[in-house]
Each structure stands twice: as C-alpha cells, then as structure tokens.
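Undergrad: sharing a model prediction with you, sequence too.
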Amino acid sequence: MMQSSVTDLHLCQHCQRLMAYNRSGKTFAYMVGIEGNGVFPGKKFHEFLSRFMKDAAGYGDKKNYNSLLQIFTNKKSDNTQPFFDFITSTYYYPFIIEHAQKITPEQLNSLTAGVEKWVNYLLGFINPILSQTEEPENILASVFHNAETLIKSQYAYNDNEIITITGKPDGLLFDPISNEAIILEFKGHLASDKTQDLTQAALYAWLVNTHTGLIPKVDIIYLEEDKPLAQYSWEYIKQFIDQLPFLFDAAREVIESKKPLRHTLNRELCLKCPFNDSCDDDWGERSFPFVRDPNNEVKQLAQELINVLDKHGLPSKLDGYIKGPQFFRIKIIPDFTKKVTVAKIIRKSDDLQVALNLPTAPIIRPQGGHISIDIPRKNRDIISIDSFINNVEYKLDDEVIFPLGVNINGEPFWVNIADPTMTSILVGGMSGSGKSVLLRSILVCLGLIAPINTISFTLIDPKRVTFTDIIDLPCLNGPVLMDPEKVIQSLEMAVDEMESRYREFEKNKVSDIIKYNALEKGFFKRRVIIVDEYADLILDKQSKVSLETAIQRLGQKGRAAGFHLILATQRPDAKIVTGVIKANLQLKVCLKVNSAINSKIILDEGGGESLMGFGDMLVGGSIGVQRLQAPFVSDDDINKLKEKYSGNELI
C-alpha cells in the first residue's frame, strides 16, 4: 500500500521533483517555494500554539482549562483584556524565557505581533458563539480541538490501488451554533499564488471530510500581514477538494518512481531550488530554457549588485534570481536592522545604472518579502507565439482570449476581453517601443484562437504602415481606416450597432452577447476596434470631442454587446490620454516611454521610462502591475491566419 503526507502532496503541487527529493530524505526540500520575509519564527509559534490548543481542548493542564472557562463564561465584564493577560502570563512569557537565547529581536517583535493577531482572531471567533448559548460553560471543549492532531485517510485509485494520506492541520475548531468545522492554518506572509495555501488547506479539509462527513470551512491567518485573516466557505473549499484526484495521480507517479517526472513551470522556483543543478540528471531533462546559469552570469551580476549596495551603506541579502527574455530579476532582502528601507534602495537606481554599466536604470519594486531589481540584459531572446497558439490547455471554452506576453517565469499572461476587467485596453509607448508589433500580435492571436466567423476587426491606422500586409483578411470589418472623418463615422456606426444589439437583448430577455448567441435566434460577432495612433486623429478640436464621446460610450457599454477597444498612442501625455480615455479603458499597457511622467499617465506609477523597448512592457490598471515581454508575430503566423480564413485552416 502506498503512503504519502500532506507535506509531500503540497510539494508535489509545486513540482513533482520536489516531492521526490523530500521522500528521498533531502534536507530542506519541504522549504522550497515557501514565501515570507524570513523573520517570523513559524516553528516556534506552532509550539506555542500547540500548548494553548491542548489546554483549551481539555487534554492538557486542567488549571489552565478552568481559567479559560472562567474568562469566557464571565458575562459581567469584557473578556478581551483578561484573555490577553492570561495568554501572556501563562504561555507567552514562559515560552519567551525558554527560547530567549534562540530568538532574535526581530523575530521577537514579529512573534509578538503574530500572537496579538491570533488572540484577536480567537476572541472574534468564540465570543459570538458564547453570546448565543445559555450554557457557555459547556461550549469551550466542543470549540477547541488538540492542535496538530494526526489525521489519516485512504484514497482509492480507479484500478483499486490504495494510498494512505496523513496530515496534521495547525488547528481544528468547531462552531456548535452553525454546526460547522473549521480548519485553522497559520502562515507568515501571503504568497503571490494563494492557490498553494488553499490546496494545502483543502487536503486537510479532505482528511476531515473522510472522517466526519463534513466539509470544513478554512480560516488562514497570515501573521506577517496587516490584514491577516482570509476566510473560505466550505463550498469554495469543495472546488479544491474536487481537483485533488489530479494531485493524487501526480503523487502516485512520484511514489512509483516514474521518469521523467514533470517539473514546475516556475523557472524562478528552479533557480532558488538547491537541487537545480542535479535535477535533470536525477529526474529527466527539463523542457524550458533559461533554467541553468552555466557561466554563473546571473550569479556574478547579483553578487556585484549586493557589493554596490553595501558600498552605498545599504547592506542586503541575496534571495534568488532569474533570467528572463530581456532582463535579469534579482531578489534581495534589505537588512532592516541597519535601517535599510525600500525607499532608500529605489533612490539609488541611477547610481546602480552607473556602477553596473547598464543602458537604463534598473526597475526596482517591493514584492512580498523581498525587493525585485530588474537589470537589462545585453542580449535579448525573441518570444514567438507558436507555443501559445498550439497550447490547447489555455484555450478552454473561451473564444476571445489572447496571450499579451510572458512573465519573468516564461508563463503566458492571457487576456480575456469578455472579462469586465480586460474588455478594453490602452497601450502607450514611444517610437521603437514595440507598440505596432504588439497590436499586430493581439490581432493575429485573437484571429487564430477565436472560432472562425465569431470575431471581426475594425483597424484604424492614420500612420498607414501598421496593417499593410493584412488588409485583405476576411475577418476585417471593412478597409483599414486612415482619415479622421471616416474614423469618426465608423465609431459612431459602431455605437449605433451596439445600441441596436441592446434593444435585441431586451426583446429576447437576455443580458449579454453570450446568452443571446446561445438562443440560436441569430448570431452577433465580437467587434474588436484597434486604433494604432490615437494622437494623430485628434489634432482637430471637434474631432477630439467626437472621438472621445464614441470611445466613452463603447468603453462604458461595449463589453456585454461584444464591442472591445484597443487604443494605442506614442504620445501618452495628459492632453492625449485624458481622464475620459483612462476611465473607460480597463487594462493599461505601458511600453517604453520617454519619462516617468508619461509612465504615470498610463499606469499611475513610474517604471515605463526604464523599460528596454522591443515589447518589454508593464501591465496594470485593472490588475496589479506586472512586467511582461510581448511575443513577436512572424510572417508564418500571418500566413496561418490567412489560410484559416481562406478555408484552409492548418491542423
């Protein structure tokens, strides 16, 4: 019979190979992929927590249990301060004295703040329960359960093979009023990918469910965050539980020593992994580039960066690095004990450019638990769209998605223009930034991915050069428009068509294009309007007013009717990108611009002035700002699109 643990399965979600290393006894394999600032003493906190939970559940010190009972059943006064005092004197002070030689001042401060957040959570949980019961003295033992209790359960594969899975959740609570169980998990820092934490919690929830028949809620407390509590209903957790068989299948491949094992798609995780250099030999060669650093190019640059910061009185610790298509991302942790702040490092961007002999200043951004410093590479890699278009995994059932670019890990960033946060896009960038190439990429990718005859494009190109080789595509809604008067006329006609569609929706009692097309009473195509140089169209004052009015109406109401705007300009100043334009274009794309002011007009923050050009971009607006590299559209890609719409779609 096979055996595994929640820790192993959690590692398997990161990477099958990490689970294999952990099972083979490699030290600290379980730590790879954990995000945090390295200050909060998680292991010691769990020791502290376990002592309290044992007493509160009635399995430990009876004197402490009776004291808790007295605090929580005393209805004559507020129990907040007595509970804090009890936790401090009974658990916290003795614990600190016991570990005084092993805890740094920074860890002590972090632990103190974490304990306060935990106590506030407990009070917020138990007081509403006590207020609704007439016999609170009988409630305490039913609410708390012993911390880190080992739970064991079995899963049967389709071929009747059995795997036994064990795990120890941080805490188990029960709400006797709502009859709900709660999995309690403690984390330090909120990870950038919260699905990792949710999957781990879902594994514990699955263990509880197999024993009790209940699917518990999940409360995750992030003890390093200002807003620490994340709560998830049992219905939400059930969605993750339903996906666990895929994880169990992956774990079985590891247990049965199959090779090659699948690897993570997160290249940054590979470069932080202590087993990176031996991984290919142990489990099979990985398929993506940029994982290894055989000449220590990135490592040497990272060390040089640390040395420069140290010379400027900003000592920091290296926390990993990765090689992207156009830049290296180096992660550092400032020495806060020496009063090194994020702001001080950001102010040294120009000095770093000079000291490291860089063509542009590095982009420096605070991240969860570290600072990322993006340093330009001397040579760049070209990203093609083939791997995106051929990857059916990302197509799903959606007809209006396209890859805007790839992130630092080589993962595609997909835009769904049917999504309210992405339905219309503003693109700004100076000449040579890759603006026209990006627009062509969007058109070609949308055209290749969308089912034939479901989408049409209106192209507006006052420069007369961007779309010259695709002017004969059948998916175009008329010729490429270049004259401002014809552009205004076309946009006003689009507004009229949009309003006509809404009247049709009203008549058929539906709310959007998806529901209408499902009725089979007719079919509306998606209309994507791409404007390459907006500034050239509004030289005339009256033209500007007419265009802004049309853009505002399409931006406000277009999504449900299937109308989408992609508006680009190489002059992102306040006269061109007005408040009306920004408010009605949800997704903001900043390519390389001349100044931080231009970057702030597009994104509301700087950074665009330090980009590399050639499709290097910052994307924000309706999403958190992230850096992407746009793909390059080749002649072959355009030929594939033409063949698709000429009835000879390539298989």
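TA: Nice, thanks for sending it over. Residues are numbered from 1 along each chain as shown.
Undergrad: and E185, helix, strand or coil?
TA: strand (DSSP: H, G, I helix; E, B strand; the rest coil).
Undergrad: I figured it hits A202, correct?
TA: No. E185 lies out of contact with A202 (C-beta atoms under 8 Å); the separation is 10.7 Å. Backbone N, C-alpha and C define where each C-beta goes, glycine included.
Undergrad: what is in contact with those two at once?
TA: Overlap of the contact sets of E185 and A202 (by C-beta atoms under 8 Å, 6 or more residues apart in numbering) consists of V218.
Undergrad: looking at those two, which is more packed in?
TA: A202 (28 against 18; other C-beta atoms under 10 Å).
Undergrad: quick check: which element contains the more buried one?
TA: Following DSSP states H and E, one finds A202 within helix 195-212.
Undergrad: what's that helix packed up against?
TA: Here helix 195-212 touches helix 6-14, strand 151-156, strand 162-167, strand 180-187, strand 217-222, helix 234-241, helix 244-255, going by 3 or more C-beta pairs under 8 Å, 6 or more residues apart in numbering; DSSP states H and E.
Undergrad: could you export it as PDB, CA atoms only?
TA: What follows is helix 195-212, C-alpha atoms only, in PDB (Å, rounded to 0.1, in the frame of the first residue of the first chain):
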ATOM      1  CA  THR A 195      -3.800  28.600  -4.500                       C
ATOM      2  CA  GLN A 196      -0.800  26.900  -3.000                       C
ATOM      3  CA  ASP A 197      -2.100  27.600   0.500                       C
ATOM      4  CA  LEU A 198      -5.700  26.800  -0.400                       C
ATOM      5  CA  THR A 199      -4.700  23.400  -1.900                       C
ATOM      6  CA  GLN A 200      -2.800  22.500   1.300                       C
ATOM      7  CA  ALA A 201      -5.900  23.500   3.400                       C
ATOM      8  CA  ALA A 202      -8.100  21.500   1.000                       C
ATOM      9  CA  LEU A 203      -6.000  18.400   1.700                       C
ATOM     10  CA  TYR A 204      -6.600  18.800   5.400                       C
ATOM     11  CA  ALA A 205     -10.300  19.500   4.700                       C
ATOM     12  CA  TRP A 206     -10.500  16.300   2.700                       C
ATOM     13  CA  LEU A 207      -9.000  14.300   5.600                       C
ATOM     14  CA  VAL A 208     -11.600  15.800   8.000                       C
ATOM     15  CA  ASN A 209     -14.400  15.100   5.500                       C
ATOM     16  CA  THR A 210     -13.500  11.500   5.100                       C
ATOM     17  CA  HIS A 211     -13.700  11.000   8.900                       C
ATOM     18  CA  THR A 212     -16.700  13.200   9.700                       C
END
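Undergrad: got the angle for it vs helix 6-14?
TA: Relative orientation of helix 195-212 versus helix 6-14 (axes from the mean of the first three to the mean of the last three C-alpha atoms, to 10 degrees): 140 degrees.
Undergrad: and the contacts of helix 195-212?
TA: So helix 195-212 is contacted by 6, 9-10, 13-14, 33, 151-154, 165-167, 169, 172, 181, 183, 185, 187, 191, 214-216, 218, 220, 232, 234, 237, 240-241, 243-244, 247 (C-beta under 8 Å, 6+ apart).
Undergrad: if we go to 7 Å?
TA: 6, 9-10, 13, 151, 153, 165, 167, 169, 181, 183, 185, 187, 191, 214-216, 218, 220, 232, 237, 240-241, 244 (C-beta atoms under 7 Å, 6 or more residues apart in numbering).
Undergrad: give me the below-cutoff pLDDT ranges for the stretch 451-600 of the chain.
TA: Residues of the stretch 451-600 of the chain meeting the criterion pLDDT under 70: none.
Undergrad: recalculate using a threshold of 80.
TA: Applying pLDDT under 80 to the stretch 451-600 of the chain flags residues 464-465, 468-469, 471-472, 520, 539.
Undergrad: buried residues of the top helix by length along the chain, list them for me.
TA: Longest helix in the chain by number of residues (criterion: DSSP state H): helix 105-131. Buried residues in helix 105-131, counting neighbours by 16 or more other C-beta atoms under 10 Å, are found at 107, 110-111, 114-123, 125-126, 129-130.
Undergrad: likewise for stretch 625-639?
TA: For stretch 625-639, by 16+ other C-beta under 10 Å, it's R627, L628, Q629, A630, P631, F632, V633, D637, I638.
Undergrad: wait, which of the residues you listed is closest to G522?
TA: Lowest distance from G522 to the buried residues of stretch 625-639 (C-beta to C-beta) belongs to I638, with 31.2 Å.
Undergrad: which SS state does L565 fall under?
TA: Counting by three-state DSSP, the backbone at L565 sits in strand.
Undergrad: that one touches L585, doesn't it?
TA: Yes. Applying C-beta atoms under 7 Å, one finds L565 in contact with L585, separated by 6.5 Å.
Undergrad: identify the contacts common to the two.
TA: Listed as contacting both L565 and L585 by C-beta under 7 Å, 6+ apart are S424, G555.
Undergrad: from K588, how far off is the closest residue to L603 other than its chain neighbours?
TA: Closest residue to L603 apart from its sequence neighbours, by C-beta to C-beta, 6 or more residues apart in numbering: G620 at 4.6 Å. Going from G620 to K588 by C-beta to C-beta, to the nearest Å gives 5 Å.
Undergrad: neighbour-wise, which of those two wins?
TA: K588 (23 against 18).
Undergrad: identify the residue spatially nearest to that one, adjacent ones excluded.
TA: Using C-beta to C-beta, 6+ apart, the nearest residue to K588 is G621, at 3.4 Å.
Undergrad: re the thing from before, with only the CA atoms kept, save the helix or strand that contains the residue nearest to L603 in CSV.
TA: Element membership of G620, judged by DSSP H and E, is strand 616-621. Extracted C-alpha coordinates of strand 616-621, given in CSV (Å, rounded to 0.1, in the frame of the first residue of the first chain):
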residue,chain,number,x,y,z
ASP,A,616,9.1,45.0,-22.9
MET,A,617,6.1,46.3,-21.0
LEU,A,618,4.4,47.0,-17.7
VAL,A,619,0.7,46.0,-17.5
GLY,A,620,-1.6,47.4,-14.9
GLY,A,621,-4.9,49.3,-14.5
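Undergrad: thanks a lot, catch you later.
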